[in-house]
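Student: need a structure here:
(chains A and B)
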Amino acid sequence: KTQVEQSPQSLVVRQGENCVLQCNYSVTPDNHLRWFKQDTGKGLVSLTVLVHENDKTSNGRYSATLDKDAKHSTLHITATLLDDTATYICVVGDRGSALGRLHFGAGTQLIVIP
Amino acid sequence: EAAVTQSPRNKVTVTGGNVTLSCRQTNSHNYMYWYRQDTGHGLRLIHYSYGAGNLQIGDVPDGYKATRTTQEDFFLLLELASPSQTSLYFCASSVTDNNQAPLFGEGTRLSVL
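Tutor: Residues are numbered from 1 along each chain as shown, chains lettered A, B, ... in the order given. Predicted coordinates for the structure are as follows:
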């Protein structure tokens, strides 16, 4: 059973627009949640990590929130650029050490058009 | 510079073929992982290791063997490849603390005809 669900599956926005990606999960325990960016044909690159209840993080034009009660996270991208075209993957870790498992969502494919 | 290097980047083999995927990390990380990525699925863990000579079974291990020969090198072996193993394979490395992001290689695309 999929424990990390991402929505939408795909999204097309115009350059300069903002967008919001959603991640809902049922992983228990939920030690931390990380967002990755995966460019086409490339590996995953970490954007941000959220650890605590109601955490908010910011990394340039990327910002993220975590609601552990609702088991829900959002990734906001402001003023999108063509280079933001990628798949964004939500990952929930069930422990704070590598002894735990990482649970991966299937990703949201974002396409930014001129 | 921290890096995870996979080879080959692309591989085509036939059903029943023997394939070895290689991964080298220069990060002095203890943990190394092999994942497969298929459309509509999140990455799924095949095997992992927490040091040279160690091997742990992941969530989808059937049809795969792995070997960690050194701290740096982790290999994935498909001894009798099947079309269901056509996939994009990623290697990753990490430190013990999962709050530090694992580092991923750029992937190996394997096609089994």
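Student: CA only for contacts and neighbour counts going forward, please
Tutor: Fine.
Student: now B:Ser84, what's its secondary structure?
Tutor: Following DSSP: H, G, I helix; E, B strand; the rest coil, the label given to B:Ser84 is helix.
Student: output the below-cut-off pLDDT ranges for chain A.
Tutor: Residue ranges of chain A with pLDDT under 70: none are present.
Student: mind running it again at 80?
Tutor: A:1, A:96-100 (pLDDT under 80).
Student: equivalent analysis for chain B, please.
Tutor: Applying pLDDT under 80 to chain B flags residues B:1-2, B:96-99.
Student: what parts of it come near chain A?
Tutor: Residues of chain B lying close to chain A (CA under 8 Å from any CA of the partner chain) are B:31, B:39-44, B:90, B:94-99, B:101, B:103-107.
Student: who's B:Phe104 bridged to?
Tutor: Residues in a beta bridge with B:Phe104, per DSSP bridges, are B:Ala92.
Student: and what of B:Val19?
Tutor: B:Leu78.
Student: just checking, it touches B:Thr86?
Tutor: No - if you go by CA atoms under 8 Å, B:Val19 and B:Thr86 don't touch, sitting 11.7 Å apart.
Student: ok, the nearest residue in space to B:Ser93 that is not next to it in sequence - contacts?
Tutor: In this structure, B:Ser93 finds its nearest non-sequential neighbour in B:Met32, 4.3 Å apart by CA to CA, 6 or more residues apart in numbering or on different chains. Applying CA atoms under 8 Å, 6 or more residues apart in numbering or on different chains, we find B:Met32 in contact with B:48-51, B:74, B:91-94.
Student: switch to 6 Å and redo it
Tutor: B:48-49, B:92-93 (CA atoms under 6 Å, 6 or more residues apart in numbering or on different chains).
Student: and the nearest residue to A:Leu44 once chain neighbours are set aside, backbone torsions?
Tutor: Once flanking residues are discounted, A:Leu44 sits nearest to A:Gln38: 4.7 Å by CA to CA, 6+ apart. A:Gln38 adopts backbone torsions of phi -120, psi 110, taken as degrees, to the nearest 10.
Student: measure stretch A:42-57 end to end?
Tutor: Taking CA to CA, to the nearest Å, stretch A:42-57 runs 24 Å from one end to the other.
Student: so the residue nearest to B:Ser93 sits in a helix?
Tutor: No - with three-state DSSP as the criterion, B:Met32 is located in strand rather than a helix.
Student: thinking again about what came up before, neighbour count and distance to A:Tyr62 for the contacts of B:Met32 - can I get that in TSV?
Tutor: Formatted as TSV, those follow (neighbours: other CA atoms under 10 Å in any protein chain shown; distance: CA to CA, whole Å):
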residue	neighbour count	distance to A:Tyr62
B:Tyr48	24	31
B:Ser49	22	32
B:Ala92	27	24
B:Ser93	29	24
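Student: which residue ranges form the strands in the chain?
Tutor: All of this is about chain A. Secondary structure of chain A (DSSP state E): strands located at A:4-7, A:10-14, A:19-25, A:32-38, A:44-50, A:56-59, A:62-67, A:72-77, A:86-93, A:102-104, A:108-113.
Student: chain B is the one I meant
Tutor: Using DSSP E, strands in chain B cover B:4-7, B:10-13, B:19-25, B:31-37, B:44-49, B:56-57, B:65-68, B:73-78, B:87-94, B:103-104, B:108-112.
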